[in-house]
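Asker: okay, structure incoming, though there's no sequence with it:
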Ligand code: BDR
Ligand code: CA
């Protein structure tokens with residue numbers, strides 16, 4: 001039986017690949033997408049979610065529009081990483097379809113049910129708003145870092161953009177799995193992987209063009225990585241194929257101060273009692289993950 005998931009996202013190159021991985025994974029049933037401002041403005045992340053679904057003929061998957069700004073902070077986007085459209089690189093047509101009329105929080109609240117996993121791959125604004133209306137059994141989120149951040153030395157982008165929302169999510173008592181930079185920087189696709197993807201069909205070649213663009217930023221900022229980290233697809237893989245991950249009980253608190261704004265303080269070494277509901281990923285079988293991504297993207301033809 002497949003696991004029903006809802007995916008809250010801000011596409012975004014790696015969000016786009018996460019959507020494709022979710023659609024191509026028989027372990028999962030994608031009930032719908034919700035969008036949030038993050039990598040680009042809400043208007044652009046919503047258009048991109050529709051463009052990705054339409055690329056693979058899945059315009060039937062509903063998309064609901066969420067928050068256009070964080071709970072309290074000024075809006076911040078990542079055009080330096082994702083370009084002016086948020087999905088720069090391939091020549092994807094504008095969307096033909098439209099989002100549903102229902103707002104993201106109501107859309108999610110209506111579909112949250114026992115066994116449904118909420119996967120969040122953008123700033124946590126929609127998820128924080130949702131907690132006033134419904135409580136998912138489990139949230140798997142891409143965000144945070146045990147070590148160095150990527151938006152600032154202290155903070156990863158998704159948490160930095162809306163730290164108050166992230167703090168609410170981690171303090172909610174819900175079962176939260178944190179997929180941070182420590183693990184996503186192990187899940188890198190380099191030039192050999194990109195060329196393999198380019199050879200596996202029409203969708204593979206679009207993904208390769210996404211990674212050509214995405215790789216330019218990563219080669220400059222992280223020459224030691226030898227490719228692009230597939231941050232958001234790791235969150236999807238955590239639900240579909242948890243055996244690929246090294247997952248540990250932990251306690252996570254979000255720093256709301258200015259100097260370390262958005263830092264995730266992760267205690268997984270038993271300094272204090274772990275929060276019974278927090279899990280953090282420390283590692284991944286990177287080769288198996290890369291094979292999974294290539295195989296599943298290839299399945300679109
Ligand atoms: C996260 O920030 C975004 O730029 C990516 O889509 C990913 O969700 C990585 O820090
Ligand atoms: Ca994202």
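Answerer: Ah, there it is. Just so you know, these numbers come straight off a predicted model, no measurement behind them. Ligands and ions are numbered 1, 2, ... in the order given.

Asker: and residue 7, backbone torsions?
Answerer: Dihedral angles of residue 7 (phi, psi; degrees, to the nearest 10) stand at phi -120, psi 110.

Asker: partner residues bridging it?
Answerer: For residue 7, the beta-bridge partners under DSSP bridges are residue 33, residue 119.

Asker: need the contact list for it.
Answerer: Residues near residue 7 by CB atoms under 8 Å, 6 or more residues apart in numbering: 18-19, 22, 30, 32-34, 119-121, 236. The way it works is simple: take the backbone N, C-alpha and C, and place the C-beta from them, glycine included.

Asker: 7 Å instead?
Answerer: 18-19, 22, 30, 33, 119, 121 (CB atoms under 7 Å, 6 or more residues apart in numbering).

Asker: setting aside sequence neighbours, what's the nearest residue to the residue nearest to the spatial centre of the chain?
Answerer: When CA atoms, centre = their mean is applied to the chain, the residue found nearest the centroid is residue 121 (2.3 Å). With sequence-adjacent residues excluded and distances taken as CB to CB, 6 or more residues apart in numbering, residue 121 is closest to residue 232, at 3.8 Å.

Asker: now tell me what touches the helix or strand containing that neighbour from outside.
Answerer: Per DSSP states H and E, residue 232 falls inside helix 231-240. With CB under 7 Å, 6+ apart as the contact definition, helix 231-240 has outside contacts at 3, 5, 14-15, 17-18, 21-22, 25, 27-28, 117, 119, 121, 140-142, 177, 179, 183-184, 187, 244-245, 281, 284, 289, 292-293.

Asker: re earlier: ligand 1 versus the residue nearest to the centre of the chain, what's the distance?
Answerer: Here the criterion is CB to the nearest ligand atom, to the nearest Å. By it, residue 121 lies 5 Å from ligand 1.

Asker: wait, that residue sits on residue 142?
Answerer: Yes - with contact defined as CB atoms under 7 Å, residue 121 counts as touching residue 142 (4.7 Å).

Asker: for ligand 1, give me its nearest residue in the stretch 201-301 of the chain.
Answerer: With CB to the nearest ligand atom as the measure, residue 231 is the residue of the stretch 201-301 of the chain nearest to ligand 1, at 4.1 Å.

Asker: next one: the stretch 51-200 of the chain
Answerer: residue 157 (3.7 Å).

Asker: which residue packs closest to that residue, ignoring adjacent ones?
Answerer: residue 151 (4.3 Å).

Asker: correct me if wrong: the one you found contacts residue 158.
Answerer: No - taking contacts as CB under 7 Å, residue 151 lies outside contact range of residue 158: 8.7 Å.

Asker: so which of the two has more stuff around it?
Answerer: Taking other CB atoms under 10 Å, residue 151 and residue 158 do not tie; residue 158 has more neighbours (30 against 18).

Asker: so who does that one touch?
Answerer: Taking CB under 7 Å, 6+ apart as the test, what residue 158 contacts is 38, 122-124, 142-143.

Asker: what pLDDT does it get?
Answerer: pLDDT recorded at residue 158 is 98.

Asker: ditto for residue 272
Answerer: Reading off the model, residue 272 has pLDDT 87.

Asker: excluding chain neighbours, what is closest to it?
Answerer: Looking at residue 272 with CB to CB, 6+ apart, the closest residue is residue 251, at 6.2 Å.

Asker: which of the residues in whichever strand or helix holds that neighbour are buried?
Answerer: Taking DSSP H and E as the criterion, residue 251 maps to strand 245-254. When burial is assessed from 16 or more other CB atoms under 10 Å, strand 245-254 yields the following buried residues: 245, 247, 250-252, 254.
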